[in-house]
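S.K.: Build the 3D model from these lines:
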Amino acid sequence: MRVGDRLPPLEIPITRTLIVAGAIASRDYQDVHHDAELARQKGSPDIFMNILTTNGLVGRYITDHFGPGAVLRKVAIRLGAPNYPGDTMTLTGTVTDLDGATAQVRVVGANGLGHHVTGTVTLTLPEEAGS
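M.R.: Model (predicted):
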């Protein structure tokens, strides 16, 4: 692995089930994440994904690529365009820094509206992978 290496993209279909299940799993019971009518009353065209689900998907993307021995040390993300049902989010990543067994990856998750999530993940790799 080298600075500049790109991770393969991961396409995630954004379904109502994913949005609602992620909100329930993270105990986020805000109506905008499960009730389409109330979300519309609050100005949104539909329910949308919460940040905790996005955070989990970013973590999954990194650990799917680097393996179960990778330890996420820091996940710093910022949300942009909402993830609505019926769209697809494509996660991409680029290795931006390496220091021994520690790597930093710049992550972008884009959907039909633009960038849903941008940020960096700092992880520690198993010694044999970080060499």
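S.K.: which residues of this structure fall in strands?
M.R.: Taking DSSP state E as the test, the strands found in the chain are 6-13, 71-79, 88-99, 102-111, 114-124.
S.K.: The shortest one versus strand 88-99: what angle between them?
M.R.: By that I understand strand 6-13. For strand 6-13 against strand 88-99, the angle by axes from the mean of the first three to the mean of the last three CA atoms, to 10 degrees is 150 degrees.
S.K.: Okay, angle between the lengthiest helix in the chain and strand 6-13 too, please.
M.R.: The longest helix of the chain (DSSP state H) is helix 51-66. Taking the same axes, to 10 degrees, one finds that helix 51-66 is oriented at 140 degrees with respect to strand 6-13.
S.K.: Can we start the residue count at 168 from this point?
M.R.: Understood, numbering begins at 168; the last thing we discussed is helix 218-233.
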